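Peer 1: what's the 3D shape of this:
(chains A and B)
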2 protein chains.
Amino acid sequence: MKFIHAGLNTIAMILAIVSLVAVFEYHNAGNIPNMYSLHSWIGLTAVIFYSLQLFLGFAVFLLPFAPVPLRRAVIPIHVYSGLTIFATVIATALMGITEKLIFALQNPAYSSSPPEATFVNCLGLLLVIFGALILWMASRPHWKRPPEENAKALLPVGGTAEGTEAESTMTDGSQADKADLRINSDAARKQNLKLDEAAQRSTM
Amino acid sequence: MKFIHAGLNTIAMILAIVSLVAVFEYHNAGNIPNMYSLHSWIGLTAVIFYSLQLFLGFAVFLLPFAPVPLRRAVIPIHVYSGLTIFATVIATALMGITEKLIFALQNPAYSSSPPEATFVNCLGLLLVIFGALILWMASRPHWKRPPEENAKALLPVGGTAEGTEAESTMTDGSQADKADLRINSDAARKQNLKLDEAAQRSTM
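Peer 2: The predicted structure follows:
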């Protein structure tokens, strides 16, 4: 899962860079000024944050050097910034669509609502619906990875799950009666679950 | 808190309706077509969903008729749609800014980056930062209302907290030994807490 996520985002990043280069080349060839519009400002900001996100995500979650507490601390920020960048990119696309329709539709004008304008407006509306659906899915706790899977995913690739280890040690070393043991292991399990849940649910 | 939230949103809704009327009057007076742009389509959609949100929120959370399970089921949807409408409104504002700059700046043109364009682009960038900060605050679990307060807030105005009642009954009626009692009440409390957390954290 982790590799699919990282791989798809790397492909998307490469496509974004290719598109940016194409835009600048097109502007330069047609003597159109670069980076004057709000669309371009916010779009470039989003791409910069996206590359930062990809770089930091690679360094913290894919390379084996980052300790688990760091991963656990970074994951909510990673999810928040991923979703915020996603929303910002949708806003940038909507601004780009608005610009393009104003510039491209002159005869008949955009303001006379030709079929092309209606069609592209519908595409823009679908983009908003798409964004809302993705944010809905990403923010539902029962559509998240289960806590145990999540604990495994937080570890470096090839590492062992620390939660199960700690728990078994506690169970082996205890000399208390059965009721106390039950309380302890129960509390420990709940504590672990709660930590995992917090790490998961603290994300958007 | 509930009343401040509802009151401020009602004021915002009234202001939004006044602004919409002003826009239509302005367009009609200047013979500018209405509702042709993507900005207008998405903006009107957002206002319609906003009024629905306000109406349903009033019916479910302020009027005393809705049962607690319904409130508990609706709260994640209410929070999700509130934040999504908020993000959509920011996107609409960004499109509006883009349109206005293209239409208003002709001599010197928007594309020649006059100081006014730079200034308004900065305002647009600040709007994105503002949206990102609000979404950050709204999605952090430790910036949410504590679970007990939340359980109270879910009840009809003037009602009593059901969680404490159920727990005290369980404690009074138990004939088991102290350890079992501890396990039971502990489990019940944790169950309650978990339900409250789920209700809170299932929101964005």
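
Peer 1: and chain B, is the helix or strand hosting residue A:80 touching that?
Peer 2: Counting by DSSP states H and E, the element that carries residue A:80 is helix A:68-104. Yes - shown here: helix A:68-104 in contact with chain B (CB under 8 Å from any CB of the partner chain) through A:80, A:84, A:87-88, A:90-91, A:94-95, A:97-99, A:101-103. (Glycine included, C-beta is placed from N, CA and C.)

Peer 1: low-confidence regions, chain A specifically.
Peer 2: A:158-204 (pLDDT under 70).

Peer 1: would you point out which residue is most central in it?
Peer 2: The structure's chain A has its C-alpha centroid closest to residue A:82; by CA atoms, centre = their mean the separation is 2.8 Å.

Peer 1: neighbour-wise, give me the winner out of the residues of helix A:68-104 next to chain B.
Peer 2: Counting neighbours by other CB atoms under 10 Å in any protein chain shown, residue A:91 leads the residues of helix A:68-104 next to chain B with 29 neighbours.

Peer 1: from residue B:32, how far off is that residue?
Peer 2: 25 Å (CB to CB, to the nearest Å).

Peer 1: likewise residue A:112?
Peer 2: When distance is defined by CB to CB, residue A:112 is 11 Å away from residue B:32.

Peer 1: residue A:56 too?
Peer 2: Using CB to CB, residue A:56 is found at 47 Å from residue B:32.

Peer 1: and the helices in chain A?
Peer 2: Along chain A, the segments classed as helices by DSSP state H run A:2-29, A:38-57, A:68-104, A:115-139, A:147-154, A:162-173, A:178-201.

Peer 1: so which of these gets nearest residue B:136?
Peer 2: Each of the helices of chain A was scored for nearness to residue B:136 using CB to CB, and the closest is helix A:68-104 (6.2 Å).

Peer 1: helices or strands up against that closest one?
Peer 2: Counting contacts by 3 or more CB pairs under 8 Å, 6 or more residues apart in numbering or on different chains; DSSP states H and E, the secondary-structure elements packed against helix A:68-104 are helix A:38-57, helix A:115-139, helix A:147-154, helix A:178-201, helix B:38-57, helix B:68-104, helix B:115-139.

Peer 1: between helix B:115-139 and that helix, find me the angle.
Peer 2: The directions of helix A:68-104 and helix B:115-139 differ by 140 degrees, with axes from the mean of the first three to the mean of the last three CA atoms, to 10 degrees as the criterion.

Peer 1: centre of the chain to helix A:68-104, how far?
Peer 2: Helix A:68-104 sits 8 Å away from the centroid of its parent chain (CA atoms, centre = their mean, to the nearest Å).

Peer 1: still on that earlier bit, surely the residue nearest to the centre of chain A touches residue A:53?
Peer 2: Yes - when contacts are counted by CB atoms under 8 Å, residue A:82 is listed as touching residue A:53 (6.2 Å).

Peer 1: so chain A: which segments form each domain?
Peer 2: For chain A, automatic domain parsing gives the domain ranges A:2-63+A:71-139, A:162-201.

Peer 1: and among those domains, the most buried is which?
Peer 2: Mean neighbour count (mean count of other CB atoms under 10 Å in any protein chain shown) peaks for domain A:2-63+A:71-139 among the domains of chain A, with a mean of 16.

Peer 1: endpoint to endpoint, that one covers what distance?
Peer 2: End-to-end distance of domain A:2-63+A:71-139 (CA to CA, to the nearest Å): 18 Å.

Peer 1: my guess is residue A:70 contacts residue A:59, does it?
Peer 2: No - counting by CB under 8 Å, residue A:70 stays clear of residue A:59, with 10.3 Å between them.

Peer 1: just checking, residue A:112 touches residue B:37?
Peer 2: No - the pair formed by residue A:112 and residue B:37 falls short of the contact definition of CB under 8 Å, at 11.7 Å.
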